[in-house]
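In: fold the following for me, if possible:
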Amino acid sequence: MQTAVTDTNLLRFRAAVAGALAHLESRRQEVNDLNVFPVADGDTGDNMVLTLRAVLAELDRLQGADETRTIDEIGREEIVQSVARAALLGARGNSGVILSQLIRGAAEELVSRPGELIDAALIAAALENAAERAYASVRNPAEGTILTVAREMAQRLAADLERDPESARVPPDAEPEEQDRAIAATLTRAVDAGQESVKRGPELLAALREAGVVDAGGYGLTILFAGVVAALRGDAPPPLDHYAPARIHHPEHSSTTFRYCTNFAVTGSALEPERFLAPLEALGDSVLVVGDAATLKVHLHTDEPERATAVFEGAGEVSHLDVADMHAQVADREERLLEGSPPNHGASAVAPARCGAVAVISGEGLRALFAELGVYTLDGGPTLNPSTYELLAAIHEVPAEEVLVLPNSPNVVMAAERAAELSDKQVLVVPALSQQAGLAAAVELVGTRPLEQNAQALHEALARLRTGAVAPAARDDLHGRFRAGEAVGLLGEEVVAWGEPARTLRAVLVALADGAELLSVLAGEDAPLDPAAVAALLDGDLGDAELEQRHGGQSAYWWLLAAE
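Out: The predicted structure follows:
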């Protein structure tokens, strides 16, 4: 007797994915801190979590898309194909793409056996096909990694079945609880095999041995399966060993020469993955091109993301573009580990915000001020002129799937809008055209609020704001008002005062104070007056406005000014 897909089976599948995701979320920083291969960029846990999130979101979409359809009417094939595609599109980084292929391989085996009860034999076959699919996706598979762990899990289950075929039997009329226990028992054996494989990893891969760690992806896979077991049992997950973070080191492998971890999808028809490998490998390394004739997922490390996407011109439409700055990731990871931040051993992870923001800045003080507001920053240099791909990498770093970009300069707006179009996240550009305007707007950011509501709140803050600045003149004025090096005072973009710094600053602040409640002064790194001297200039001349002074550290302006 065979059993078709039922509501119970789909609900079990969703519960299993949710359990895997929750357990991986709770330990993803521990996984990140083990990440040294192929690049020590510290994001393996993040990438695996994002892949599972995409799967869970697709299951919820299938369940909620048409409440009139039963699960039998949806059918196992549609469910499996939808989940496999969601995993593919949601994958980021080597670990995410490989995990998507494990999911796809398991799904292919499940769909090949319509109506068959999920038991130890089917799980073993699905895991074997998953490992084969994952190995096939990697041009030069390395042993000691997640690939080895997946294969040895499958081999353990196959060996158990060969020794005791009856262990796979689950009565077709078994109650759901009995099926859950049987599946959990099978997956527990897989977890045990995975733990043993993870421990052997350093014997097989020198990069792990030198860093004193196990493979982050392989360890993440055991955590994922342990979470499934916990969901099926309704109990705590099987215990897993904990591992100390990697020793700080500087890997010698070639990916350290490339800056951007680049991921994107290509949709079209008659797509052939092999056709694109050579041109992509000419641009970088760690190249993965996986998928089918209709949808490909591309991953590579390169200095030229725009040339990588251009490889597919005429072949299909590029979407879901994600670019991460690996140099920045490696530096951040090493700084965190040097500071001795303890690994997260099983504590509940803090849920990421729904909506985050990134601001283009120049100045250490401004970086710290935006950070106080929970805003990520991108150093645009003295001229505030980052590239589109630097902006994309900064958007990637924000731990939220909805992101606002504060360009903080008219020169950045076009690049920010292009990055928003390309990103696989939901991104909106807020028209903050100066750093002081961006800072005032960022006060209104609420991480739990949706993107559009946050954008509206920041727009309204900008509408209530007037800005000014005082800077040393770069050259003599054509109209003879000031000479190079003298102070120039601006209201918005209009020159309203000039000459000696103190007098110029006072004139601009008095003009801004009219009708204002708060005047903000951000001092640059070479500001010629200290805060006490600035306050003394204005005693009694600001009406009802309150004066707030902070260190901005910007190089181009002595003072950045805002009135609210």
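In: can you count the residues close to residue 43?
Out: Using other C-beta atoms under 10 Å as the criterion, residue 43 is surrounded by 28 other residues. Bear in mind the C-beta positions are built from the backbone N, C-alpha and C, glycine included.
In: run through the residues that contact it.
Out: With contact set as C-beta atoms under 8 Å, 6 or more residues apart in numbering, residue 43 has these partners: 32, 35, 92-93, 95, 261, 324, 329.
In: check which helix or strand the most centrally placed residue in the chain maps to.
Out: By C-alpha atoms, centre = their mean, the chain has its centre lying nearest to residue 396, at 4.7 Å. If you go by DSSP states H and E, residue 396 is part of helix 388-397.
In: again, but for residue 512
Out: Element membership of residue 512, judged by DSSP H and E, is helix 501-513.
In: so which bits of stretch 212-230 are buried?
Out: Neighbour counts over stretch 212-230 (16 or more other C-beta atoms under 10 Å) mark 213-230 as buried.
In: same question, stretch 396-406
Out: Applying a neighbour-count criterion of 16+ other C-beta under 10 Å, one finds 396-398, 400-406 buried in stretch 396-406.
In: residue 138: which of these is nearest?
Out: Taking C-beta to C-beta as the measure, residue 396 is the one of the buried residues of stretch 396-406 closest to residue 138, at 22.7 Å.
In: how about residues contacting stretch 273-282?
Out: Residues lying outside stretch 273-282 but in contact with it, judged by C-beta under 8 Å, 6+ apart, are 139, 287, 289-291, 296, 298, 300, 308, 311-312, 315.
In: filter the residues you listed down to the ones in helices?
Out: Residues of the contacts of stretch 273-282 located in helices (DSSP state H): residue 308.
In: would JSON lines of the contacts of stretch 273-282 with pLDDT, neighbour count and distance to residue 244 be doable?
Out: Written out in JSON lines, the entries for the contacts of stretch 273-282 read as follows (pLDDT from 0 to 100; neighbours: other C-beta atoms under 10 Å; distance: C-beta to C-beta, whole Å):
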{"residue": "139", "pLDDT": "83", "neighbour count": "12", "distance to residue 244": "31"}
{"residue": "287", "pLDDT": "94", "neighbour count": "22", "distance to residue 244": "32"}
{"residue": "289", "pLDDT": "94", "neighbour count": "23", "distance to residue 244": "35"}
{"residue": "290", "pLDDT": "93", "neighbour count": "22", "distance to residue 244": "33"}
{"residue": "291", "pLDDT": "91", "neighbour count": "23", "distance to residue 244": "37"}
{"residue": "296", "pLDDT": "94", "neighbour count": "24", "distance to residue 244": "38"}
{"residue": "298", "pLDDT": "95", "neighbour count": "25", "distance to residue 244": "34"}
{"residue": "300", "pLDDT": "94", "neighbour count": "26", "distance to residue 244": "31"}
{"residue": "308", "pLDDT": "95", "neighbour count": "27", "distance to residue 244": "36"}
{"residue": "311", "pLDDT": "96", "neighbour count": "21", "distance to residue 244": "41"}
{"residue": "312", "pLDDT": "96", "neighbour count": "22", "distance to residue 244": "42"}
{"residue": "315", "pLDDT": "93", "neighbour count": "17", "distance to residue 244": "45"}
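In: out of the contacts of stretch 273-282, who's nearest residue 184?
Out: The shortest approach to residue 184 among the contacts of stretch 273-282 belongs to residue 290, at 30.1 Å (C-beta to C-beta).
In: quick check: phi and psi at the nearest residue to that closest one once chain neighbours are set aside.
Out: The spatially closest residue to residue 290, leaving aside those adjacent along the chain, is residue 137, at 4.6 Å (C-beta to C-beta, 6 or more residues apart in numbering). Its backbone dihedrals place residue 137 at phi -80, psi -20, with angles given as degrees, to the nearest 10.
In: could you do residue 38 as well?
Out: The phi/psi pair for residue 38 (degrees, to the nearest 10) reads phi -80, psi -10.
In: which secondary structure elements does the very next helix or strand once past the helix holding residue 396 contact?
Out: Moving toward the C-terminus from helix 388-397, the next helix or strand (DSSP H and E) is strand 402-406. Applying 3 or more C-beta pairs under 8 Å, 6 or more residues apart in numbering; DSSP states H and E, one finds that strand 402-406 makes contact with strand 355-361, helix 388-397, helix 413-422, strand 426-429, helix 435-442, helix 451-463.
In: make CSV out of these and add distance to residue 157 and mean pLDDT.
Out: Rendered in CSV, the data for these read as follows (distance: least, C-beta to C-beta, whole Å; pLDDT from 0 to 100):
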stretch, distance to residue 157, mean pLDDT
strand 355-361, 41, 96
helix 388-397, 37, 89
helix 413-422, 42, 90
strand 426-429, 40, 96
helix 435-442, 52, 96
helix 451-463, 44, 96
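In: nearest to residue 535, of the ones you listed?
Out: Taking C-beta to C-beta as the measure, these were each checked against residue 535, and helix 435-442 came out nearest at 18.2 Å.
In: specify the angle between the closest one and strand 355-361 in degrees.
Out: On the basis of axes from the mean of the first three to the mean of the last three C-alpha atoms, to 10 degrees, helix 435-442 is oriented at 170 degrees to strand 355-361.
In: against which helices or strands is helix 435-442 packed?
Out: Using 3+ C-beta pairs under 8 Å, 6+ apart as the contact definition, the elements that helix 435-442 packs against are strand 355-361, helix 364-372, strand 402-406, helix 451-463, strand 466-472, strand 518-523, strand 559-563.
In: just the strands in this protein please.
Out: In order along the chain, the chain carries the following strands (DSSP state E): 260-268, 284-291, 295-302, 316-325, 355-361, 376-379, 402-406, 426-429, 466-472, 487-491, 494-499, 518-523, 546-551, 559-563.
In: which strands or helices does the second one pack on?
Out: Helices and strands in packing contact with strand 284-291 are listed as helix 93-111, strand 260-268, helix 273-281, strand 295-302; criterion 3+ C-beta pairs under 8 Å, 6+ apart.
In: could you do the last one as well?
Out: Counting contacts by 3+ C-beta pairs under 8 Å, 6+ apart, strand 559-563 is packed against helix 435-442, strand 466-472, helix 501-513, strand 518-523.
In: and the ones you listed, which is most packed in?
Out: Of all these, helix 435-442 has the most neighbours on average by mean count of other C-beta atoms under 10 Å, namely a mean of 26.
In: residue 85 and residue 297 touch, don't they?
Out: No: assessed by C-beta atoms under 8 Å, residue 85 is found out of contact with residue 297, at 9.7 Å.
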